[in-house]
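**Q** Fold the following.
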Amino acid sequence: MMRFIFLSILIVSWGMGGSQASTQEIITFGPQETKIIGSIPYSVIGRYKAEFTSFKGRIILDEDTRQIQSVYLEIDAKSIKSNHPLYDRLARSRRLLNTVRFPKIIFRSDEIVQDKNGYRVKGILEMHGIKRRMTFPFKVGIVIDQGTKQRLLDIQGNWSINRKRFNIVWNRLLDRGGIVVGDYFTVNWGIKVYLTMEGH
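**A** Next up, the predicted model:
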């Protein structure tokens, strides 16, 4: 039902840094650099697929270690949009996101671990007035923009989030066993931002 990019602290090693003092680069991003697709089972139409059209974030990159140190993301909840305006209004209503009372969805990263499948990022997700510590998988790499020949930081993720953990309840009676709206929404997201530092 919702579309997110829960960006994170990505401690990603793409090489060894030099001996010079460590410097940082702050990379900002928004809808122009980011692709996010999310969906949730909804018995009326099969699946509700939507996106957020307004958000902002930043990545802090360490030049010396070639690592992403942290990521912050802030989403305007009311910007949710799909091909079903009626259900968009429902998603924004008090029944679900309640965007008047809870206008922002925020993720702050604080830790990352690497495993055989890639990376797992840990941080605090604040949504619907509730803060939860969450862990999400993601993959990261560097690609070349064929037009400009510049290097791009390429981050991809696929996540599953239980809406009930954030007290987003469709209908307390139906949610006891009904299938009007599924409990889990999936999020497929991708972000590409230019790297301006030398040596990457």
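
**Q** Adjacent strands (with direction) for the longest strand that the chain contains?
**A** Taking DSSP state E as the criterion, the chain has its longest strand at strand 130-144. Taking DSSP bridges as the criterion, strand 130-144 pairs within the sheet with strand 118-127 (antiparallel), strand 151-162 (antiparallel).

**Q** CA atoms of stretch 73-80 as PDB?
**A** The C-alpha coordinates for stretch 73-80 follow below in PDB (Å, rounded to 0.1, in the frame of the first residue of the first chain):
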ATOM      1  CA  LEU A  73      15.100  10.100   4.700                       C
ATOM      2  CA  GLU A  74      12.000  12.200   5.200                       C
ATOM      3  CA  ILE A  75       8.800  11.400   3.300                       C
ATOM      4  CA  ASP A  76       5.600  13.600   3.000                       C
ATOM      5  CA  ALA A  77       3.000  10.900   3.800                       C
ATOM      6  CA  LYS A  78       0.200  12.800   2.000                       C
ATOM      7  CA  SER A  79       2.100  12.600  -1.300                       C
ATOM      8  CA  ILE A  80       1.100   8.900  -1.800                       C
END
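
**Q** buried residues in that stretch?
**A** In terms of neighbour count (16 or more other CB atoms under 10 Å), stretch 73-80 has its buried residues at 73, 75, 77, 78, 79, 80. Any C-beta I mention is one placed from the backbone N, CA and C, and that applies to glycine too.

**Q** give me the low-pLDDT residue ranges for this protein?
**A** Residues of the chain that meet the criterion pLDDT under 70 lie in 1-22, 63, 65-68, 171-179, 196-200.

**Q** What segments of it are helices?
**A** For the chain, applying DSSP state H gives helices covering 85-92.

**Q** Now do the strands in it.
**A** 24-29, 34-42, 46-52, 55-62, 67-76, 80-81, 104-115, 118-127, 130-144, 151-162, 184-194.

**Q** would you turn those strands into a markdown table with distance to residue 170?
**A** Formatted as a markdown table, the strands of the chain follow (distance: least, CB to CB, whole Å):
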| stretch | distance to residue 170 |
| --- | --- |
| strand 24-29 | 32 |
| strand 34-42 | 9 |
| strand 46-52 | 11 |
| strand 55-62 | 24 |
| strand 67-76 | 21 |
| strand 80-81 | 15 |
| strand 104-115 | 18 |
| strand 118-127 | 15 |
| strand 130-144 | 16 |
| strand 151-162 | 13 |
| strand 184-194 | 12 |
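
**Q** Out of the ones you listed, flag the one nearest residue 98.
**A** Of all those, it is strand 118-127 that lies closest to residue 98, at 10.5 Å by CB to CB.

**Q** just the angle between the closest one and strand 104-115, please?
**A** Compare the direction of strand 118-127 with that of strand 104-115 by axes from the mean of the first three to the mean of the last three CA atoms, to 10 degrees and you get 160 degrees.
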